[in-house]
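Visitor: Coordinates for the following, if possible.
(chains A and B)
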2 protein chains.
Amino acid sequence: MSEKVIAYDVTLRDGTQGEGISFSVQDKIRISHKIDELGVKYIEGGWPGSNARDEGFFEQVKKEKYSNSNIVAFGSTRRAKTTCEKDSNIQALLKAETSAVTIVGKTWDFHVSEALKISNEENFELITDSINYLSKRVDEVFFDAEHFFDGYKSNSDFSQNCLTTALESGATGVVLCDTNGGTTPWEISEIVTNIKKTNKNIILGIHTHNDSGLGVANALAAVRAGANQVQGTINGYGERCGNANLCTIIANLNLKMGINCISDKNLTKLYEVSNFISDMANLSKDGKAPFIGKSAFAHKGGIHVSAIVKNNLTYEHVDPQKIGNQRRILISDLAGRSNILYKLNELKIADEVSDENISEILSELKKLENYGYEFEGVDASFELLVKKVSNQYKPKIELIETEINTRQIVPSNESSAKVVIKIDNEIIENTASGSGPVNALDLALRGALLDKFQFLNEVVLTDYRVRVVGGNKGTESLVRVIIESSDKDITWSTIGVSKDIVDASWKALIDSIEFKLMKASS
Amino acid sequence: MSEKVIAYDVTLRDGTQGEGISFSVQDKIRISHKIDELGVKYIEGGWPGSNARDEGFFEQVKKEKYSNSNIVAFGSTRRAKTTCEKDSNIQALLKAETSAVTIVGKTWDFHVSEALKISNEENFELITDSINYLSKRVDEVFFDAEHFFDGYKSNSDFSQNCLTTALESGATGVVLCDTNGGTTPWEISEIVTNIKKTNKNIILGIHTHNDSGLGVANALAAVRAGANQVQGTINGYGERCGNANLCTIIANLNLKMGINCISDKNLTKLYEVSNFISDMANLSKDGKAPFIGKSAFAHKGGIHVSAIVKNNLTYEHVDPQKIGNQRRILISDLAGRSNILYKLNELKIADEVSDENISEILSELKKLENYGYEFEGVDASFELLVKKVSNQYKPKIELIETEINTRQIVPSNESSAKVVIKIDNEIIENTASGSGPVNALDLALRGALLDKFQFLNEVVLTDYRVRVVGGNKGTESLVRVIIESSDKDITWSTIGVSKDIVDASWKALIDSIEFKLMKASS
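Guide: Alright, predicted model coming up:
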């Protein structure tokens, strides 16, 4: 097993091949600084010869300063029937002026004949020429051996000769790629061991994909067999099923194998970096992502929770703080008193709650969850429930009446809502128009409250989710509405359930506002 | 390596521990039939002693018939300081009347002292007693060895003795659980090999979790080391980072290791079953899921696409059709045409559609998908679109006006809707009341149509799903409504997208009815 392993990030190149991913030059610059903060040694920035955006990135990056990372430009071996001087891709690599470049070349004979349609000899020439030329002009040249494992399985002599050719032509290191993601860990293990036997002291990289759900396992198997550079993307972005997730690889290397490819201190930034980059990608976060997902340390079952409270190692494989993540206890009908207590402590509201209150809360929760509520993601509604049951908060707003009118008259639709509520014995009425009945209701309610509570102005609805629960009754089904609200400081989530989507939305809206009023008054 | 491996699904038990997962009894019944169709041998249905919903499931399931699967009830070893007769959990297992039960017990000494707070000897008694008692009353009793790998690493004698105790007490098989998901494939491999040495011919299960991103790799490593039963959940649902994804495991066993735990024919249903269950869970599908994700065989890069056209093996590790998935080419209009042609052939409506029509359909689809539509699961809306574009069907119903009035007056709510439509130049008006605006609209529309089309009487709405798409605008977000309708013969799905939930619902409703009218008139 390698004792020292270098991390090499390909988010900005291979990651951008993923469906739905599109980074601007400025996004790429910001992401590169985040990965630098994490302490990753190489950041592949893009393919300067292939598109204008990547060219722009390499122009811009010349002015940037990095503490830990080297930016790498990516390209391919020169085209057949030309020279490096005349190959626009190779020239674009030089123009990028990075201290390291990586070029990909064919190492599967099937691809040489089927895709390039040249002879194996010609393919060796492409490799020799390109690496020879680049290694005289750039500090470090890595050779990405495309489809190496498929190639090795079909014709191991040819694939190995490609590597030898690259190394003899001056490559700083070679990277074995499982381009189609179809190789298994035991195959990786055997093949890397073989390569290592005849190439003891080389820089040997591994680049895997997740098509078989084995991307991370394959990378780790390669390291155990002697690979000392490991490539992947943040959050596993990439074509098809994605590249191997570099976050998972780094955490496993560090916490399971004692190999620090980033420092322990930087490891605590992993959660933040992952989230930053999914925000930049504008992709929803994978809550179940190992180590860094929101649910990665979330506990729901009552037995688990009561054990966790006694000793966290009972149901956690690592301490979530090591990667900057945190434990979450979910409230559900699978929960018991210990979940509730844990949650009360977490929300710092346990002191005011008696044992009797807890029994009441538990029975109220079970009743509501049986009806269709789900409290695991909606801490604000949970806190309101607790404070109402324990007489710590009395709701300020009383509903008198709402009336909503929605019309479709081709080609347009209109909705208007009237809200009548009582606050401190005062009846307030307001009407508003909106896109659809729920939006109209939302606007009418806000309008009704603003005079009395101007600070509600700063509350914005950041998400509105509807789910049909217990579902086989068509449009008469119960719906669950979850609303996420934010002000300048915090974000909170509330829930409402009803057969009537307007009524369910109303409940979630009112909870959202009552929560803000409660916080403002405490 | 085991030559024969039995698949054991835990979606309905361990899977429901996942954040955001909540299945009704009816959902669980429908899911169990889907997993049965797939040919999985065991389906763990839930924990009858722990909650009312699971109890309801086991009551209902007694009346159901399965072709391939055995339903399993799950529970734990009896509590300390009581007997099996007096233990409500054990009794609930018997009451479930399944032919197989699985009970979980402690096999990590740390858990025995920290969580149960009893002696190791007492733990052996719990195992012996429970299995003894159950194996005399139930055909098959499996023992889930909780935290087996952590236990083995800390005190291998104790953990092994727990297994021996279970087997000697009459367990049909033992299942090694990596409960916290922290074990690596090489550890699994070594430990399973050791267990297998002294227990050559036993039924040995493996149950892994994905906390280290290694859930699937761990299951496969165990099979290579001799495990012959493999547990997992559809789509990898489960607590924290989820259980090992049974879909990925099954596909790897079949396509990479030549082990058919389901038949090749059933494997082609994998994509459909995975999608059905994510629909039931109302969780967004993981497009990047290995083998069964929407993006799993999606190609974006130009080089890849041109190679794929020459030979699909260049950039695909397996043939997508083997798991019922399909290739998607993301950027090429040419590929778009072939997708549409594929679909038209599938729906047997290709003959009437000209080349020009296909171009029109393609541009219409792109426009709609760009707006928020998604035609993957809604064949009826797709077929209507095709027939409208190719002049094979002219919609019968024209919307003139709808008006919906929704009132909340504590403690009740009421909604009424007026619908004005034109059919064959005749204006029809109808009003109805319902639970919420959408239900009222639905009832008013049906009432308006029944005089003319009595056969609509047999159409029932079997599902109504709402999802916010492209979401950060609160109650003004775009919503996507999907409606599933059935008559006595078939089930069809239609879609509507709008900022206004009433409008989106209307579009899906009208499509549903037009589809029925189209079928009735052809």
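Visitor: contacts, neighbours, all on C-alpha from now
Guide: Noted.
Visitor: Looking at chain A, which helix is longest?
Guide: Criterion DSSP state H: the longest helix present in chain A is helix A:501-521.
Visitor: State the helix or strand in which A:E3 lies.
Guide: Assignment of secondary structure by DSSP states H and E places A:E3 within no helix or strand.
Visitor: isn't it right up against A:I259?
Guide: Yes - applying Cα atoms under 8 Å, one finds A:E3 in contact with A:I259, separated by 6.4 Å.
Visitor: tell me the contacts of the residue nearest to A:W186 when sequence neighbours are not counted?
Guide: Excluding the flanking residues, the one nearest A:W186 by Cα to Cα, 6 or more residues apart in numbering or on different chains is A:A221, at 7.6 Å. When contacts are counted by Cα atoms under 8 Å, 6 or more residues apart in numbering or on different chains, A:A221 touches A:185-186, A:188-189.
Visitor: what secondary structure does A:A221 sit in?
Guide: helix (DSSP: H, G, I helix; E, B strand; the rest coil).
Visitor: Pull up the per-residue confidence for it.
Guide: On the pLDDT scale, A:A221 is placed at 98.
Visitor: Doesn't A:V481 belong to a strand?
Guide: Yes - assessed with three-state DSSP, A:V481 lies in a strand.
Visitor: list the contacts for the nearest residue to it once chain neighbours are set aside?
Guide: Sequence neighbours aside, A:V466 is the residue nearest to A:V481 in space, at 4.5 Å (criterion: Cα to Cα, 6+ apart). Shown in contact with A:V466 (Cα under 8 Å, 6+ apart): A:479-482, B:466-468.
Visitor: Just the closest of those to A:D211, please.
Guide: B:R467 (28.1 Å; Cα to Cα).
Visitor: and that closest one, how many residues sit next to it?
Guide: As a burial measure, B:R467 scores 22 neighbours (other Cα atoms under 10 Å in any protein chain shown).
Visitor: Quick one: classify it as helix, strand or coil.
Guide: B:R467 - assigned by three-state DSSP - is strand.
Visitor: Also A:A73?
Guide: strand.
Visitor: didn't it look like it was pressed against A:G46?
Guide: Yes - if you go by Cα under 8 Å, A:A73 and A:G46 touch, sitting 6.0 Å apart.
Visitor: Could you check which of the two is surrounded by more residues?
Guide: A:A73 (29 against 26).
Visitor: name the element the spatially closest residue to that one that is not a sequence neighbour belongs to?
Guide: The shortest distance from A:A73 to any non-neighbouring residue, by Cα to Cα, 6+ apart, is to A:V101 (4.8 Å). Per DSSP H and E: A:V101 is located in strand A:100-106.
Visitor: again, but for A:W492
Guide: strand A:491-498.
Visitor: A:K81 and chain B, how far apart?
Guide: According to Cα to the nearest Cα, to the nearest Å, A:K81 stands 18 Å off from chain B.
Visitor: Over to A:E458?
Guide: From A:E458 to chain B the distance is 14 Å (Cα to the nearest Cα).
Visitor: cool, and A:K41?
Guide: A:K41 is 23 Å from chain B, by Cα to the nearest Cα.
Visitor: quick one, what contacts that residue?
Guide: So A:K41 contacts A:6-8, A:68-70 (Cα under 8 Å, 6+ apart).
Visitor: what is the mean pLDDT for the helix or strand just after the strand holding A:V101?
Guide: Sequence order places helix A:109-111 as the next helix or strand after strand A:100-106, per DSSP H and E. Helix A:109-111 carries an average pLDDT of 92.
Visitor: so can I have a markdown table of the contacts of A:V466 showing distance to A:K488 and pLDDT?
Guide: Below are the contacts of A:V466 laid out as a markdown table (distance: Cα to Cα, whole Å; pLDDT from 0 to 100):
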| residue | distance to A:K488 | pLDDT |
| --- | --- | --- |
| A:V479 | 30 | 84 |
| A:R480 | 27 | 85 |
| A:V481 | 23 | 88 |
| A:I482 | 20 | 85 |
| B:V466 | 30 | 80 |
| B:R467 | 27 | 74 |
| B:V468 | 24 | 72 |
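Visitor: got the contact list for the lowest-mean-pLDDT helix or strand in chain A?
Guide: Ranking every helix and strand in chain A by mean pLDDT, DSSP states H and E puts helix A:302-310 at the bottom, with a mean of 72. By Cα under 8 Å, 6+ apart, the residues outside helix A:302-310 that reach it are A:299, A:314-315, A:329, A:334-336, A:338-339, A:342, B:114-115.
Visitor: one more time with 10 Å, if that's ok
Guide: The contact list for helix A:302-310, computed with Cα atoms under 10 Å, 6 or more residues apart in numbering or on different chains, reads A:298-299, A:311-316, A:329-342, B:50, B:111, B:114-116.
Visitor: now do stretch A:252-259
Guide: Contacts for stretch A:252-259 (Cα under 10 Å, 6+ apart): A:1-6, A:216-217, A:219-220, A:223-224, A:246-251, A:260-264, A:267, A:290-291, A:317-319, A:322-323, B:182-184, B:212-214.
Visitor: Can I get the buried part of the residues you listed as one ChimeraX selection?
Guide: Restricted to buried positions by 16 or more other Cα atoms under 10 Å in any protein chain shown, the ChimeraX selection for the contacts of stretch A:252-259 reads:
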select /A:5,6,216,217,219,220,223,224,246,247,248,249,250,251,260,261,262,267,290,291,317,318,319,322,323 /B:182,183,184,212,213,214
